[in-house]
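K.L.:
here's a sequence, model it:
(chains A and B)
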Amino acid sequence: MNAASSAEDDLTAVEQVLAGDAQAFEGIVRRWQGPLINMAWRYCRDRSRAEEMAQEAFIRAWRGLGRWRRESSFSTWLFALAANVYRSELKRFPTETLTLDAVHEPSRPASQQRELEERRRQEALRRAVLALPLRYREPVILYYFHEMDLAAAAATMSLPEGTVKARLSRARALLRRRFPQLEEEPAVMELTALNPGKEAAN
Amino acid sequence: MNLAKSIRSEHDGADTERNARMEAEIGHILAAEEKLIPSSGFMASVMERVRQEAALPPPIPFPWTWAVLGILLVGGVLGFGAFEIVRLGLPSFRVPALHSFALISAQLPAAFVGPVEKVGWVVLALGVSLLCWLFSRRLAGSGGLL
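P.N.:
Predicted coordinates:
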């Protein structure tokens, strides 16, 4: 399904819901359940909680459909609403995270355990994102959730792109200091070689 | 001197390059997140909640007419009270024609005027309290709280 037809489907579904057809909301849930759950997962890294938060976001969207003013796309509105829901849910019931100082980089892997250790290291880095201060954490979460689309991340947070870019840069610097061995991994060069342009562009 | 400068700039350049490589790696790891697939019952549970919400009666609109009337009434009573306090407190402000109990006091012996005035104020206060209670009851509906 391409973006244009999805946008049309969303618009049609919203109009049907506003006309009183509650069942039409199912199409919206079907199309956006994956993205909303994955976005929530990045906020809390707890699968069942991610689903609960995504469900809450859908219910808020259902209640607030009439407030979508069609100035932005439905997805932009939905993601911004979901980000607000996730932010306030995590304020009410914070995830159990370590402080950034308490996050330690795993030791360098032995060759026979390389893959397993590499996964562990990557997971430690992803969890370290949750230990960042909120102002840096959210840009990181949303920037990578939106597949490195700075404009989309900024729209979701209702912040200027320059602010998001500056916060991203600061967040990366904080993570770099916490994970000094990343650079020494041979995988680094292989992996960055796969995707050199996008990072350089940002 | 020049040699030290060139060594330092070479060192700085290497640091910058190293930092850029590390940040690129961080970016790659964060971007390469596995996608979660929603559990099988997720959509059904969302739609169940949506149907429950849809079945709820529409929210009761705020009774603005009664609220405005109440605010006017309370405002009037408070204004009158404030006026009376100022009037009774300041002798120069006394306006005999506006005295609440002027008619009563004219027909009663002087010894009764004071107590009757006091009773009048108590009755007025009770009346205002009753009105407030009735008004609150009206606003709250028959929830059983009042």
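K.L.:
residue A:50 and chain B, how far apart?
P.N.:
Residue A:50 sits 7 Å away from chain B, taking CB to the nearest CB, to the nearest Å as the criterion. Where C-beta positions appear, they are placed from N, C-alpha and C, glycine not excepted.
K.L.:
so what's that residue up against?
P.N.:
When contacts are counted by CB atoms under 8 Å, 6 or more residues apart in numbering or on different chains, residue A:50 is found next to A:37-38, A:40-41, A:43-44, B:36.
K.L.:
neighbour-wise, which of those leads?
P.N.:
Among the contacts of residue A:50, the one with the most neighbours (other CB atoms under 10 Å in any protein chain shown) is residue A:40, at 30 neighbours.
K.L.:
so who does that residue touch?
P.N.:
Counting by CB under 8 Å, 6+ apart, residue A:40 touches A:49-51, A:53-54, A:57, A:82, A:86.
K.L.:
show me what secondary structure element comes after the lowest-mean-pLDDT helix or strand in chain B.
P.N.:
Averaged element by element with mean pLDDT, DSSP states H and E, chain B has its least confident helix or strand at helix B:102-107 (a mean of 56). Scanning the chain past helix B:102-107 towards its C-terminal end, the next helix or strand to appear is helix B:110-140 (assignment: DSSP states H and E).
K.L.:
and that following helix, which residues are buried?
P.N.:
Of the residues in helix B:110-140, those with enough neighbours to count as buried (16 or more other CB atoms under 10 Å in any protein chain shown) are B:117, B:128, B:135.
K.L.:
will you turn those into CSV that also has pLDDT and distance to residue A:146?
P.N.:
Formatted as CSV, the buried residues of helix B:110-140 follow (pLDDT from 0 to 100; distance: CB to CB, whole Å):
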residue, pLDDT, distance to residue A:146
B:117, 76, 75
B:128, 89, 60
B:135, 83, 53
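K.L.:
out of those residues, which comes closest to chain A?
P.N.:
For these, the closest approach to chain A (CB to the nearest CB) belongs to residue B:135, at 31.1 Å.
K.L.:
in what helix or strand does the residue nearest to that closest one when sequence neighbours are not counted lie?
P.N.:
Spatially, and ignoring its direct neighbours in sequence, residue B:135 is nearest to residue B:70 (4.9 Å; CB to CB, 6 or more residues apart in numbering or on different chains). Element membership of residue B:70, judged by DSSP H and E, is helix B:64-89.
K.L.:
tilt between that helix and helix B:110-140?
P.N.:
When axes from the mean of the first three to the mean of the last three CA atoms, to 10 degrees is applied, the directions of helix B:64-89 and helix B:110-140 differ by 160 degrees.
K.L.:
residue A:18 - how many residues pack around it?
P.N.:
Burial of residue A:18 is recorded as 12 neighbouring residues (other CB under 10 Å).
K.L.:
residue ranges with poor pLDDT in chain B?
P.N.:
B:1-14, B:90-113, B:141-146 (pLDDT under 70).
K.L.:
get me the contact residues on it for chain A.
P.N.:
B:18-19, B:21-33, B:35-39, B:42-43, B:45-47, B:49-51, B:53-54 (CB under 8 Å from any CB of the partner chain).
K.L.:
any quick PyMOL command for the buried ones out of the residues you listed?
P.N.:
To isolate the buried members of the residues of chain B next to chain A in PyMOL, using 16+ other CB under 10 Å:
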select buried, chain B and resi 21+22+23+24+25+26+27+28+29+30+36+38+42+43+46+47+50
